[in-house]
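Chemist: sequence? don't have it. structure:
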DNA sequence: CGTGCATTTGACCACCTTCAATAAAGGTGG
DNA sequence: CCACCTTTATTGAAGGTGGTCAAATGCACG
């Protein structure tokens, strides 16, 4: 039922060992520090958090964990793109979200992880034991409040996605998606908003929008022919007519 | 754009006035107290919370607030059923959820409410100013933690609903819905799990499942003919074959 | 008993899916 | 570096699930 990880894990284990050495200085150069839950912490609090954290990397398509696994760790993304997804018994998949540096995932309870997490690009993660991070919420109240804020914001995004999945047409879905990615990635690197980096496959996009890869491909072609986007160089898309794209995305 | 409230508000204002008198004793008999965020509080903490709360009622179809309104209050449901929803400019609606006693809603930020909230049945609400409840999160840490727990749980439900909206067939959606309602309402009253109370209209169900009322109606008819449910007395549905229903709901 | 609204049922149609073929991109080994 | 193979993306044709339009039935209320 769960897809098989085709790449052996040895190199990852090695990365783990390496990261142990790099652990202390790693927060200093963490590009996610200003956008993640860590952004509310003082220097000494960051240091305390780094003591319970370990660092690991994954290669594209590697599984971080699977739906139902014991939820022992919380993950912070330092670098790269992660997809989180749920599956039906017969293999139909729904991608819950694409996560980028500064995002966290895996804060589940004793019922185990509620979704699977996999690397899309090369990724760089910061991992904390769930039990210890829950203690930190008590010791550092503002951390707990920040996590509540982020979770509420996530909930709102997910509710927006419900509107998309339940009520938008294929073309509207695609426009909403590209705009959302533009917004999300522009917070990370300094690519101007009109150029959007899409590291995920057509299959991922389809499973995120409740469509098939064929429909995604066709709609992209139409948007391109209509002069709304262009595909200069994969995996980048350029938004040529943001105004009209926004209009379509809103269902207008 | 926003639907008009057809029932005048005078009676509600009167309810508000009445509730001021009843405020102090109201928590004592609140049936939602054991299932809501209040469940973690001691007697004296409940009393403090009731000092910043007011009590109000609404009649079926009345609007509690609309998407975009300034998010000044948090609401706890004491009695009745509420629907929360989002709309596209052209009127397409997505119902985000049906809420019951013990559920809260309206914890939004300065961007305003992210969805509209309306009464489905006669409802009985407990209302708290957002600013004051945020202070309580600081004063009573376990309240903040409880709200985080509830919010995480909500997020998981919403992610399950993404899977439903994006990947399930109409029949599977209906079965999932009826089972979810059975689970939810059985926590509230003591109706045996096989009899499910559905206070919402076909239109509400359709907009929750990303379908049309016709499809909802047709699928209900099919499920009824297949002996999986029966419609003894509206608005109640009886589950005759829970096993098969669960199988269909899971996509098997 | 008639009016108004919600629900059910029917006929037809469209958007998206499914199936299939082709094209392009990426990875491996000679 | 190119040939070969695999994977991914695009494009085309046919089909189905669910939507749209329309009418009938049921139900509550005056």
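Modeler: That came through, no problem. It should be emphasised that the depicted structure is a prediction, and the values quoted were computed from it without experimental measurement. Residues are numbered from 1 along each chain as shown, chains lettered A, B, ... in the order given.

Chemist: near chain B at all, stretch A:161-177?
Modeler: Yes - counting by C-beta under 8 Å from any C-beta of the partner chain, chain B has neighbours in stretch A:161-177: A:161-163, A:165-168. The C-beta positions use only the backbone N, C-alpha and C, and glycine is treated the same way.

Chemist: Among those, which lie within helices?
Modeler: Judged by DSSP state H, the subset of these located in helices is A:161-163, A:165-167.

Chemist: what's the spacing between residue A:235 and residue A:97?
Modeler: The spacing between residue A:235 and residue A:97, counted by C-beta to C-beta, to the nearest Å, is 18 Å.

Chemist: How about residue A:206?
Modeler: For residue A:206, the distance to residue A:97 (C-beta to C-beta) stands at 15 Å.

Chemist: The spatially closest residue to residue A:232 that is not a sequence neighbour is in what secondary structure piece?
Modeler: Using C-beta to C-beta, 6 or more residues apart in numbering or on different chains and skipping the chain neighbours, the partner closest in space to residue A:232 is residue A:238 (5.6 Å). In this structure, residue A:238 sits in strand A:236-239 according to DSSP states H and E.

Chemist: touching DNA strand C at all, that strand?
Modeler: No - judged by C-beta under 7 Å from any atom of the strand, strand A:236-239 stays clear of DNA strand C, getting no closer than 11.3 Å.

Chemist: which parts of the helix or strand that that strand is followed by are buried?
Modeler: Sequence-wise, the next helix or strand beyond strand A:236-239 is helix A:242-249, with elements assigned using DSSP H and E. Of the residues in helix A:242-249, A:242, A:244-245, A:248-249 count as buried by neighbour count, 16 or more other C-beta atoms under 10 Å in any protein chain shown.

Chemist: where does the stretch 151-252 of chain A have low pLDDT?
Modeler: For the stretch 151-252 of chain A, the stretches with pLDDT under 70 are A:187-193.

Chemist: any idea how far the residue nearest the centre of chain A lies from residue B:32?
Modeler: By C-alpha atoms, centre = their mean, chain A has its centre lying nearest to residue A:99, at 0.8 Å. Residue A:99 sits 35 Å away from residue B:32, going by C-beta to C-beta.

Chemist: And for residue A:102?
Modeler: Separation of residue A:102 from residue B:32 (C-beta to C-beta): 37 Å.

Chemist: mind checking how far residue A:97 is from chain B?
Modeler: Per C-beta to the nearest C-beta, to the nearest Å, residue A:97 is found 9 Å from chain B.

Chemist: Local confidence estimate at that residue?
Modeler: We have a pLDDT of 98 for residue A:97.

Chemist: Which residues are in contact with it?
Modeler: A:83-84, A:157-158, A:161, A:208 (C-beta atoms under 8 Å, 6 or more residues apart in numbering or on different chains).

Chemist: partners of it in the sheet?
Modeler: Beta bridges link residue A:97 to residue A:84 when assigned by DSSP bridges.

Chemist: that older thread, counting contacts, what elements does the strand holding residue A:238 pack onto?
Modeler: Packing contacts for strand A:236-239, counted by 3 or more C-beta pairs under 8 Å, 6 or more residues apart in numbering or on different chains; DSSP states H and E, involve helix A:170-186, strand A:195-197, strand A:229-230.

Chemist: So which bits of chain A are right by DNA strand C?
Modeler: So chain A meets DNA strand C at A:169-171, A:210-212, A:214-215, A:218, A:234 (C-beta under 7 Å from any atom of the strand).

Chemist: Nearest to residue A:72 among these?
Modeler: Nearest to residue A:72, judged by C-beta to C-beta, of the residues of chain A next to DNA strand C is residue A:210 at 31.2 Å.

Chemist: from the contacts of residue A:97, which would you call buried?
Modeler: For the contacts of residue A:97, buried by 16+ other C-beta under 10 Å: A:83-84, A:157-158, A:161, A:208.

Chemist: Dump these to a markdown table, plus distance to residue A:222.
Modeler: Output for the buried ones among the contacts of residue A:97, formatted as a markdown table (distance: C-beta to C-beta, whole Å):
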| residue | distance to residue A:222 |
| --- | --- |
| A:83 | 25 |
| A:84 | 29 |
| A:157 | 26 |
| A:158 | 28 |
| A:161 | 22 |
| A:208 | 19 |
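
Chemist: which one of the residues you listed sits closest to residue B:122?
Modeler: For the buried ones among the contacts of residue A:97, the nearest to residue B:122 is residue A:158 (29.9 Å; C-beta to C-beta).

Chemist: That closest one falls within a helix, correct?
Modeler: Yes - assignment of residue A:158 by DSSP: H, G, I helix; E, B strand; the rest coil places it within a helix.

Chemist: wait, isn't it in contact with residue B:155?
Modeler: Yes - contact criterion C-beta atoms under 8 Å: residue A:158 and residue B:155 qualify, at 6.3 Å.

Chemist: Get me the contact residues on chain A for DNA strand D.
Modeler: Near DNA strand D, when you scan chain A using C-beta under 7 Å from any atom of the strand, you find A:201-203, A:213-214, A:216-218, A:220-221, A:231.

Chemist: top of the residues you listed by neighbour count?
Modeler: Using other C-beta atoms under 10 Å in any protein chain shown as the neighbour test, those are led by residue A:216, with 23 neighbours.

Chemist: dump the residue contacts of the residue nearest to residue A:232.
Modeler: Counting by C-beta under 8 Å, 6+ apart, residue A:238 makes contact with A:194-196, A:229-232.

Chemist: Repeat that for residue A:212.
Modeler: Residue A:212 makes contact with residue A:206, according to C-beta under 8 Å, 6+ apart.

Chemist: Now with 10 Å, please.
Modeler: Applying C-beta atoms under 10 Å, 6 or more residues apart in numbering or on different chains, one finds that residue A:212 lies in contact with A:170, A:202-203, A:206, A:218.

Chemist: again with residue A:109
Modeler: If you count contacts by C-beta under 10 Å, 6+ apart, residue A:109 has them with A:71, A:130, B:149, B:152-153, B:156.

Chemist: which of the residues you listed are buried?
Modeler: A:71, A:130, B:152, B:156.

Chemist: Mind checking which of the residues you listed land in helices?
Modeler: Among those, the members falling in helices (DSSP H) are A:130, B:152, B:156.

Chemist: now check stretch A:51-71, is it near chain B?
Modeler: No - Stretch A:51-71 lies out of reach of chain B by C-beta under 10 Å from any C-beta of the partner chain, never closer than 10.6 Å.
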